[in-house]
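S.K.: need the 3D shape of this:
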Amino acid sequence: MRNLVLYILLVNSLIFLPAPVRGEVITMDLDEAIMRARVNSVDAAVALDKLRTAWWEYRYYRADLLPEIGFKATVPAYYKQYSSYIDADGNPTFVPNNYLQINGEFSLTQKIWLTGGEVSLSTSVDYLRQFGDGAYNRFMSIPVALSLRQPIFGVNDVKWNRRIEPVKYSEAKARFLSETEEVAMQAIAKYFNLLMARENRDIAEQNLQNASQLYTVAQEKRKMGSISGNDLLQMELNLLEAQSAMTDSESELRACMFALRSFLNLGDDVEIQPAIPSEVPKVNVSFDSALEKALLNNAHTANLKRRRLEADYAVAQAKGDMRNISLFAQVGYSGTDHNIAGAYSDLRDNQLVQIGFEIPILDWGKRKGKVKVAESNRKVVESTLQRENQEFEQNLFILVERFGNQDNQLAISRRADEIASKRYSTNVETFLIGRISTLDLNDSRVNKDAARRDYVNQLYLYWSYYYQLRALTLWDYAADAPVDIDFDTILK
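M.R.: This next block holds a predicted model:
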């Protein structure tokens with residue numbers, strides 16, 4: 001099998017396989033069908049889109065850890081309204097306000113990985129223009145301010161994201177590799193469906209030809225009295241059955257042709273001629289070796305790890321929500337004046353410390369219950385993961401056993417096909433000289449057809465098991481190397 005890297009490079013460099021001409025008959029082997037599926041099929045495109053989505057999510061997480069430069073401004077805010085006012089004698093009144101305000105702020109913000117807080121460095125300026133009698137301008141500047149926002153007992157989201165997101169992206173990459181192998185398995189299934197349909201058509205065609213010839217010979221034999229009328233009727237019945245089988249096989253062949261053609265995104269009138277694979281990979285796979293590779297490469301391992309982490313994160317969030325205390329502190333300088341230069345010349349300290357907290361006095365066990373629910377869910381997840389891991393190992397064991405036996409099954413079916421074909425040819429010749437009955441001839445024909453179909457089916461099972469094994473272990477056994485790609489290349 002060609003390396004998976006080649007298939008993916010074909011996608012990204014747009015070096016597609018030549019498109020068949022309308023009405024063209026193309027001979028396609030299994031390797032080419034798999035390669036076309038990986039390049040042109042809708043399933044391959046869906047797998048790549050899912051990988052790109054996971055990549056952008058991972059990029060968002062990485063960017064969220066880096067410093068962020070921001071700018072916010074109000075340009076302008078105009079107010080003309082009456083506001084309530086209490087004078088020195090305690091009398092309420094309303095005073096007019098008519099002013100224009102403009103402000104802007106640059107900030108540099110960085111999340112603190114260790115504590116989950118946030119620190120920012122900012123500079124800002126405010127402009128106020130008062131209209132009406134005694135109009136004036138006013139500027140206020142904060143040349144530099146250092147701010148800190150820190151939850152005291154809350155969960156550290158940054159820490160948990162740093163643990164979960166890389167595992168999540170590793171899972172997505174491994175799943176993409178497995179899905180490309182699953183695309184190959186779909187191509188194999190559709191290819192062998194077409195191959196079996198063509199074999200059935202060829203069998204039906206050959207049987208129809210033989211039945212027609214044998215019926216003609218039987219008519220002559222009946223005229224000479226060398227066979228009974230019952231044998232002649234049996235030969236006519238065989239001819240009718242062969243004609244019916246030929247019609248059914250043609251219809252099935254067209255249906256399987258359409259299915260493979262659509263999957264490979266070929267033209268509606270392209271005719272595919274499949275070729276029976278002459279060779280199969282000769283590899284020996286042990287369960288211990290396959291399990292080691294599967295646990296190292298398959299998305300299953302990353303999936304288990306991610307779900308455990310997410311369950312732990314839910315418990316940590318529930319515990320953090322039991323009490324909410326946060327700290328906000330800001331230190332810097334500020335200045336104010338009627339002109340912009342003066343607002344930056346006579347600077348004064350500008351400090352703010354604010355601690356807010358929310359602690360339940362009586363919540364009837366609501367927050368404690370939330371923690372217990374999260375802990376119970378974590379236990380459910382652990383039990384579920386344990387069961388899924390057992391099923392994964394069991395399925396892998398069964399697959400390795402089946403693949404290990406399939407080489408012998410394939411050899412047996414190949415030899416049976418050869419013997420049944422030779423036996424039928426011999427029986428046709430023997431029937432023509434009148435030494436066997438039509439029942440014996442029919443029996444040999446049925447055995448020949450069944451042996452041929454079984455051989456094609458055993459060949460399909462071999463390739464199906466082989467790619468199932470590749471999908472689970474992400475290991476190319478023919479090349480004795482991991483199934484891997486350059487993700488940076490395909491995600492550009």
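S.K.: what number of residues lie near Val229?
M.R.: One thing to correct before we go on: residue 229 is Gly, not Val. 8 (other C-beta atoms under 10 Å). (Glycine included, C-beta is placed from N, CA and C.)
S.K.: ok, for it, nearest residue in space, not its chain neighbours?
M.R.: Nearest residue to Gly229 in three dimensions, chain neighbours excluded: Arg222, at 6.8 Å (C-beta to C-beta, 6 or more residues apart in numbering).
S.K.: also Glu181?
M.R.: Ala471 (3.6 Å).
S.K.: could you pull up phi and psi at that neighbour?
M.R.: phi -70, psi -40 (degrees, to the nearest 10).
S.K.: before we move on, the earlier item: on the C-terminal side of the one helix or strand the residue nearest to Gly229 maps to, identify the next helix or strand.
M.R.: Secondary structure from DSSP states H and E places Arg222 in helix 157-224. Along the chain past helix 157-224, the next helix or strand (assigned with DSSP H and E) turns out to be helix 229-263.
S.K.: ok, the helix or strand following that following helix: who's next to it in the sheet?
M.R.: Sequence order places strand 271-274 as the next helix or strand after helix 229-263, per DSSP H and E. Here strand 271-274 has these sheet partners by DSSP bridges: strand 25-28 (parallel).
S.K.: list the buried residues for the partner strand?
M.R.: Using 16 or more other C-beta atoms under 10 Å as the test for burial, strand 25-28 gives Met28.
S.K.: next, the angle from whichever helix or strand comes after it to helix 157-224.
M.R.: Downstream of strand 25-28, the first helix or strand assigned by DSSP H and E is helix 30-40. Compare the direction of helix 30-40 with that of helix 157-224 by axes from the mean of the first three to the mean of the last three C-alpha atoms, to 10 degrees and you get 140 degrees.
S.K.: send the alpha carbons of helix 30-40 over as CSV?
M.R.: Taking Å, rounded to 0.1, in the frame of the first residue of the first chain, the C-alpha atoms of helix 30-40 are listed here in CSV:
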residue,chain,number,x,y,z
LEU,A,30,-7.6,-1.8,-5.3
ASP,A,31,-4.7,0.6,-4.5
GLU,A,32,-6.0,3.1,-6.9
ALA,A,33,-9.5,2.9,-5.6
ILE,A,34,-8.2,3.5,-2.1
MET,A,35,-6.1,6.5,-3.2
ARG,A,36,-9.0,8.0,-5.1
ALA,A,37,-11.2,7.6,-2.1
ARG,A,38,-8.7,9.4,0.2
VAL,A,39,-8.4,12.2,-2.3
ASN,A,40,-11.9,12.7,-3.8
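S.K.: need the helices for this protein, in chain order.
M.R.: 4-13, 30-40, 42-64, 157-224, 229-263, 287-297, 299-320, 340-343, 366-432, 438-473, 487-490 (DSSP state H).
S.K.: can you tell me how far the residue nearest to Ile188 when sequence neighbours are not counted is from Met185?
M.R.: Excluding the flanking residues, the one nearest Ile188 by C-beta to C-beta, 6+ apart is Trp463, at 5.1 Å. Distance, Trp463 to Met185, using C-beta to C-beta, to the nearest Å: 9 Å.
S.K.: lowest-pLDDT helix or strand in this protein?
M.R.: helix 4-13 (a mean of 43; mean pLDDT, DSSP states H and E).
S.K.: so which elements touch the helix holding Arg222?
M.R.: helix 4-13, helix 30-40, helix 42-64, helix 229-263, strand 271-274, helix 299-320, helix 366-432, helix 438-473 (3 or more C-beta pairs under 8 Å, 6 or more residues apart in numbering; DSSP states H and E).
S.K.: most packed of these?
M.R.: Here the criterion is mean neighbour count by mean count of other C-beta atoms under 10 Å, and of those the winner is helix 30-40, at a mean of 21.
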